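In: Predicted coordinates and the sequence they were generated for:
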Amino acid sequence: MSVAVSHISKRFETFAALRNVSLEVKTGELLALLGPSGSGKTTLLRIIAGLEIPDEGRISFVGEDVTEKSAYERKAGFVFQAYALFQHMTVFENIAFGLRVLPRKKRPNAQAVTKRVNELLELIQLPEFGHRFPSQLSGGQRQRVALARALAIEPRVLLLDEPFGALDAKVRKDLRNWLRHFHDQTHLTSLFVTHDQEEAFELADRVVVFNEGSIQQIGVPSELRQNPSNEFVRTFLEV
Amino acid sequence: MKRATSDHWLMRYLFIGVMFAFIVIFLIFPVCVVLIEALQGGLKFYFNTLLSTHSLTAIRLTLLVALAVVPLNTIFGICAAWAVTHFKFRGKGLLISLIEIPLWVSPVIGGLVFALLFGRRGWLGPWLDDHNIQILFAYPGIVLATAFVTFPFVARGLIPLMQAQGSAEEEAALTLGANGWQLFWRVSFPKIKWGVLYGMILCNARAMGEFGAVSVVAGNIEDQTNTMPLQIEQYYLNFGLPQAFTLASLLLILSVITLAIKIGLEWRRLAPNMARPH
Ligand SMILES: Nc1ncnc2c1ncn2[C@@H]1O[C@H](COP(=O)(O)OP(=O)(O)OP(=O)(O)O)[C@@H](O)[C@H]1O
Ligand SMILES: [Mg+2]
């Protein structure tokens, strides 16, 4: 088990955003977190990355308890719902950022940085775009840059928050296939959030159905369809 | 589509005319008077006055005060804006209002507060006396009073700017392993640097021109605690207008330079592509 979330609860003032959530993302697995808007998906992802502090519960990465560690020590690869690219940096500098902020001993030299960034630009199929600024890219291109930026530091886990949320259907499909393909090659332990069940079922190895801050059911797509464990899952999946 | 009222030529000329009349009467005319009066006694007199001990000490003190106050308030402003935008805490709204207090109260009152605190018979006065620390009627007092009056300038501009930008990029930088220092210099600061500079310029202009608060704490010690505005008043009271106008013209020139930089910055901001580093 690569990422273990155990008994996480989180309140915002009086509102319970997460209630006793436990799940595991197995090594090399692509797990989807599926649930309606406002159900707490982003909150859970932020807690895993260390951007939000849970009221209760523990998080561990590859067996190491990281609950007390800050976001910058955890270094989970995070792709944000709204990209959050550095607007004042070029695409190249955005992707290089994680390498440039490494502690001096581990920091690669300029050549190595250039090589790595160019590889990633190649990977996201934007080899000629290094000198552009984020404002000069389309939504789908920004999304891929955000992904490359997260991948540059070779994170132990990849967290994707509605990676295709803001894109049109065609681009969504292309990127979805691309991500599936990418994951098949790298087997990077990944957790991705979506409220689109088709996307979840097509992409993920296993799906976690989420509602009102708690897990309704976890399983492989066929299992969920055949044996919805409660009324919510049944209606949400329209089976 | 035309809107009848605002497009009526009479209204338009009236409004624009009134605006220009105000600007001429209240801004341009006084500036011209200062410059003309300053040169009334001839260039020799002008430079003699500027290079007199009185003037030189005042200029030096004003610059030294600005040199301390502007960095102080810049650091304070950035910290305050950072705290307000990136941390959750109780009383945030109150803090934002408190920062603006110096804009609402008369500078003289600010000066009086420091006099009350540090004066002979003030709260901390006896203790300071025992330890031979001079704050009132000296450089530290002038810096404090000036800092009080000018402290909203950087923070006030930055808070809405940083709030509008949110924390998304900072969070992204954190997940990429940036520590606090790297986060600030590589991500946050580049986004606000023009705002910071703008605030510093305003703060500087106000610091050099401050009269009310400083006059309370400076104590009018000739050739020691007179800043430029105070010395201008001294000239006016003791010698007459020409000397006063001479020093005033220098203060004015400094303001005009500040204004020019400010306009330059605004122009840069309106052309965002030019502000880009690469
Ligand atoms: N900082 C916060 N303060 C107060 N309430 C919050 C905060 N962040 C999230 N919430 C609340 O917690 C709930 C879960 O939010 P979250 O962003 O996790 O939802 P989500 O499942 O990601 O929804 P979406 O699909 O719309 O992105 C929402 O009701 C939201 O209003
Ligand atoms: Mg969300």
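Out: On my side now, so go ahead. Numbers count the residues shown, from 1 in each chain, chains lettered A, B, ... in the order given. Ligands and ions are numbered 1, 2, ... in the order given.

In: for chain A, what spans make up the strands?
Out: Along chain A, the stretches classed as strands by DSSP state E are A:3-12, A:15-25, A:30-34, A:56-61, A:64-65, A:77-79, A:158-161, A:190-194, A:206-211, A:214-219.

In: gap between the two ends of stretch B:231-248?
Out: 9 Å (C-alpha to C-alpha, to the nearest Å).

In: And the strands of chain A: which comes nearest chain B?
Out: Proximity to chain B, assessed across the strands of chain A by C-beta to the nearest C-beta, is greatest for strand A:77-79 (4.1 Å). (Each C-beta comes from the backbone N, C-alpha and C, glycine too.)

In: Redo the strands of chain A as CSV? Include mean pLDDT and mean neighbour count.
Out: Compiled in CSV, the strands of chain A are given as follows (pLDDT from 0 to 100; neighbours: other C-beta atoms under 10 Å in any protein chain shown):
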stretch, mean pLDDT, mean neighbour count
strand A:3-12, 95, 18
strand A:15-25, 95, 18
strand A:30-34, 95, 25
strand A:56-61, 95, 17
strand A:64-65, 93, 11
strand A:77-79, 94, 26
strand A:158-161, 94, 24
strand A:190-194, 93, 25
strand A:206-211, 94, 23
strand A:214-219, 95, 19
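
In: With distance to residue B:84 as added columns, please give the ones you listed in TSV.
Out: As requested, the strands of chain A are exported to TSV (distance: least, C-beta to C-beta, whole Å):
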stretch	distance to residue B:84
strand A:3-12	19
strand A:15-25	23
strand A:30-34	32
strand A:56-61	29
strand A:64-65	33
strand A:77-79	25
strand A:158-161	26
strand A:190-194	30
strand A:206-211	33
strand A:214-219	34
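
In: will you turn the ones you listed into JSON lines that also has distance to ligand 1?
Out: Putting the strands of chain A into JSON lines (distance: least, C-beta to the nearest ligand atom, whole Å) gives the following:
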{"stretch": "strand A:3-12", "distance to ligand 1": "3"}
{"stretch": "strand A:15-25", "distance to ligand 1": "4"}
{"stretch": "strand A:30-34", "distance to ligand 1": "8"}
{"stretch": "strand A:56-61", "distance to ligand 1": "15"}
{"stretch": "strand A:64-65", "distance to ligand 1": "23"}
{"stretch": "strand A:77-79", "distance to ligand 1": "13"}
{"stretch": "strand A:158-161", "distance to ligand 1": "7"}
{"stretch": "strand A:190-194", "distance to ligand 1": "7"}
{"stretch": "strand A:206-211", "distance to ligand 1": "7"}
{"stretch": "strand A:214-219", "distance to ligand 1": "12"}
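
In: right, and the helix or strand after the worst-scoring helix or strand of chain B on mean pLDDT?
Out: None of the helices or strands of chain B scores lower by mean pLDDT, DSSP states H and E than helix B:4-7, at a mean of 58. Proceeding N to C from helix B:4-7, the next assigned helix or strand is helix B:9-23, under DSSP states H and E.

In: for that following helix, what is the average pLDDT?
Out: What helix B:9-23 shows for mean pLDDT is 89.

In: Follow the chain on from it and name the next helix or strand.
Out: Using DSSP H and E, the helix or strand that follows helix B:9-23 in sequence is helix B:29-38.

In: Remind me what that following helix packs against, helices and strands.
Out: Taking 3 or more C-beta pairs under 8 Å, 6 or more residues apart in numbering or on different chains; DSSP states H and E as the contact definition, the neighbouring helices and strands of helix B:29-38 are helix B:241-270.

In: Okay, buried residues for the helix it packs on please.
Out: The neighbour-count check on helix B:241-270 (16 or more other C-beta atoms under 10 Å in any protein chain shown) flags B:242-252, B:254, B:258, B:261, B:265 as buried.

In: And for stretch B:196-213?
Out: Buried positions in stretch B:196-213, judged by neighbour count with 16+ other C-beta under 10 Å: B:196-213.

In: Please flag which of those sit within strands.
Out: In strands, judged by DSSP E, none of the buried residues of stretch B:196-213 are found.

In: now chain A, which segments are flagged as low pLDDT?
Out: Regions of chain A meeting the criterion pLDDT under 70 cover residues A:1, A:239.

In: Could you pull out the helices in it for me?
Out: When secondary structure is read from DSSP state H, chain A shows helices at A:41-49, A:71-74, A:91-100, A:110-123, A:139-151, A:169-186, A:197-203, A:221-226, A:231-237.

In: nearest to ligand 1, of the ones you listed?
Out: With C-beta to the nearest ligand atom, the closest approach to ligand 1 among these belongs to helix A:41-49: 3.1 Å.

In: Okay, angle between the closest one and strand A:56-61 too, please.
Out: 60 degrees (axes from the mean of the first three to the mean of the last three C-alpha atoms, to 10 degrees).

In: who are the neighbours in contact with residue A:89?
Out: The contact partners of residue A:89, taken as C-beta atoms under 8 Å, 6 or more residues apart in numbering or on different chains, are A:97, A:133-134.

In: out of the residues you listed, which touch chain B?
Out: When those are filtered against chain B using C-beta under 8 Å from any C-beta of the partner chain, the residues retained are A:97, A:133.

In: Give me the neighbour count for the residue of chain B at minimum distance from ligand 1.
Out: Minimum separation of chain B from ligand 1 (C-beta to the nearest ligand atom) falls at residue B:88, amounting to 7.9 Å. Using other C-beta atoms under 10 Å in any protein chain shown as the criterion, residue B:88 is surrounded by 5 other residues.

In: related to what we said a few turns ago, between the contacts of residue A:89, which is nearest residue B:54?
Out: For the contacts of residue A:89, the closest approach to residue B:54 (C-beta to C-beta) belongs to residue A:133, at 53.9 Å.

In: so the residue of chain B closest to ligand 1, which of the three states?
Out: Following DSSP: H, G, I helix; E, B strand; the rest coil, we place residue B:88 in the coil state.

In: State the phi and psi torsions of it.
Out: Recorded main-chain torsions at residue B:88 are phi -100, psi 130, according to degrees, to the nearest 10.

In: Quick check: residues of the stretch 101-250 of chain B near chain A?
Out: Remark: the part of the stretch 101-250 of chain B in contact with chain A comprises B:168-169, B:171-179, B:182, B:186-187, B:190-191, using C-beta under 8 Å from any C-beta.

In: Surely residue A:51 touches residue B:174?
Out: Yes: if you go by C-beta atoms under 8 Å, residue A:51 and residue B:174 touch, sitting 6.8 Å apart.

In: tell me which parts of chain A are close to chain B?
Out: Within chain A, the residues that sit near chain B (C-beta under 8 Å from any C-beta) are A:49-51, A:70-78, A:80, A:82, A:84-88, A:90, A:97-98, A:100-102, A:131, A:133, A:149-150, A:152-153.

In: same thing but at 7 Å, please
Out: Within reach of chain B by C-beta under 7 Å from any C-beta of the partner chain, chain A has these residues: A:49, A:51, A:71-72, A:75-76, A:78, A:80, A:82, A:84, A:86, A:88, A:90, A:97-98, A:101-102, A:153.

In: Residue ranges in the stretch 101-250 of chain B under the pLDDT threshold?
Out: The model of the stretch 101-250 of chain B has no residue with pLDDT under 70.

In: now the helices: where do they sit in it?
Out: Under the criterion DSSP state H, counting those that start in this stretch, the stretch 101-250 of chain B contains helices at B:101-104, B:107-118, B:125-130, B:139-150, B:152-165, B:168-175, B:180-182, B:189-209, B:212-218, B:228-238, B:241-270.

In: From the contact counts, what lies against the last one?
Out: For helix B:241-270, the elements it packs on are helix B:29-38, helix B:42-50, helix B:189-209, helix B:228-238, judged by 3 or more C-beta pairs under 7 Å, 6 or more residues apart in numbering or on different chains; DSSP states H and E.
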